[in-house]
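Colleague: A structural model of the following input is requested.
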Amino acid sequence: MPNRNLMLSKVEEGMKVYDNEGSEVGKVELVHFAEASEMSGAGAATAPSRPAESGLMDILSKVFGSDDLPEELRERLLMHGFIKMDSARLFGADRYIMTDQISSVEEDGVHLKVADSEALLKG
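Modeller: Below is the predicted model:
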């Protein structure tokens, strides 16, 4: 499995995000890296380190705010890393981009594998 944090380390807040057709779909609002166990190359038998419950709640509140995402999805995003994107649409909700949806990160922005922002997770 490729190191997700390597790709995310190239992403900066404010970068433009493009779908796979080259249309701008938003800007990077926040980058969250994968948990430490993935960075160190820990095997499947090693449980990921978890912050204390109160610390986890603080992280969830800061990152997801009032977004209505299922808890299982929130945990997956936190474990594997993600980009929170501010939609370019006038009344568009924030979107969450998983690392497997990213095609490349270039100087001009983040390029996605998906056709449009509708394929991304809505916050």
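
Colleague: by contact count, what packs against the helix or strand containing residue 85?
Modeller: When secondary structure is defined by DSSP states H and E, residue 85 falls within strand 82-87. Using 3 or more Cβ pairs under 8 Å, 6 or more residues apart in numbering; DSSP states H and E, the elements in contact with strand 82-87 are strand 24-32, strand 95-98. Heads up, the C-betas are built off the backbone N, CA and C, glycines and all.

Colleague: sheet partners, orientation included, of that strand?
Modeller: Sheet pairing of strand 82-87 (DSSP bridges) gives strand 24-32 (antiparallel), strand 95-98 (antiparallel).

Colleague: quick check: bridge partners of residue 17?
Modeller: residue 26, residue 110.

Colleague: ok, it touching residue 26?
Modeller: Yes - if you go by Cβ atoms under 8 Å, residue 17 and residue 26 touch, sitting 4.8 Å apart.

Colleague: sorry, back to before: got a markdown table for the strands paired with strand 82-87, with distance to residue 122 and mean neighbour count too?
Modeller: Formatted as a markdown table, these follow (distance: least, Cβ to Cβ, whole Å; neighbours: other Cβ atoms under 10 Å):
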| stretch | distance to residue 122 | mean neighbour count |
| --- | --- | --- |
| strand 24-32 | 12 | 19 |
| strand 95-98 | 6 | 22 |
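
Colleague: ends of stretch 87-104, how far apart?
Modeller: 19 Å (Cα to Cα, to the nearest Å).

Colleague: tell me where this structure has helices.
Modeller: Here the chain has its helices, by DSSP state H, at 4-8, 36-39, 53-64, 71-80.
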